[in-house]
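S.K.: Sharing a model that was predicted from the sequence below.
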Amino acid sequence: MAQKVWSGLFHRQHLITHSKLHQVQSSCVKQEFNSSKQALTANNRRLGLILLSIAIVFFIGIVMKRSLLG
């Protein structure tokens, strides 16, 4: 009888530990997803600024060419 009680407690503790481990893993995956999403957003913002600056430089170049060469 005592052996059944101990094995039942061990099984319950094992399930609780497994459940907590699963929750920690789940939160780590969510945190990693959020940080990768933030990194992707930052990269897209940088790329947009680079492309915008290239377009502005070309536009200024065309305006300067027209004003200097007539």
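M.R.: Perfect, thanks for sending it.
S.K.: Strands of this structure, start to end?
M.R.: Per DSSP state E, the chain carries no strands over any range.
S.K.: quick one: the residue positioned nearest the centre of it from residue 58, how far?
M.R.: For the chain, the residue sitting closest to the mean C-alpha position, by CA atoms, centre = their mean, is residue 36 at 1.8 Å. Here the distance between residue 36 and residue 58 works out to 33 Å (CB to CB, to the nearest Å). Placement of C-beta: from N, CA and C, glycine included.
S.K.: Residue 31 now?
M.R.: Residue 31 sits 41 Å away from residue 58, going by CB to CB.
S.K.: circling back: let me see the contact set for the residue nearest to the centre of the chain.
M.R.: With contact set as CB atoms under 8 Å, 6 or more residues apart in numbering, residue 36 has no partners.
S.K.: Find me the pLDDT at residue 7, would you?
M.R.: We note a pLDDT of 61 for residue 7 in this prediction.
S.K.: any low-confidence regions in the protein?
M.R.: Screening the chain residue by residue with the criterion pLDDT under 70, one finds the ranges 1-11, 14, 24, 28-29, 33, 70.
S.K.: hmm, try it at 90
M.R.: Low-confidence segments of the chain, defined by pLDDT under 90, are located at 1-40, 68-70.
S.K.: quick one, helices of it?
M.R.: Along the chain, counting by DSSP state H, helices occupy 2-69.
S.K.: CA atoms of stretch 53-64 as PDB?
M.R.: The C-alpha atoms that make up stretch 53-64 are tabulated as PDB, following Å, rounded to 0.1, in the frame of the first residue of the first chain:
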ATOM      1  CA  SER A  53      18.100  58.100 -49.200                       C
ATOM      2  CA  ILE A  54      19.100  56.600 -52.500                       C
ATOM      3  CA  ALA A  55      16.000  57.900 -54.200                       C
ATOM      4  CA  ILE A  56      16.500  61.400 -52.700                       C
ATOM      5  CA  VAL A  57      20.200  61.400 -53.900                       C
ATOM      6  CA  PHE A  58      19.100  60.500 -57.500                       C
ATOM      7  CA  PHE A  59      16.300  63.100 -57.400                       C
ATOM      8  CA  ILE A  60      18.800  65.800 -56.300                       C
ATOM      9  CA  GLY A  61      21.200  64.600 -58.900                       C
ATOM     10  CA  ILE A  62      18.600  65.000 -61.700                       C
ATOM     11  CA  VAL A  63      17.500  68.400 -60.400                       C
ATOM     12  CA  MET A  64      21.200  69.600 -60.300                       C
END
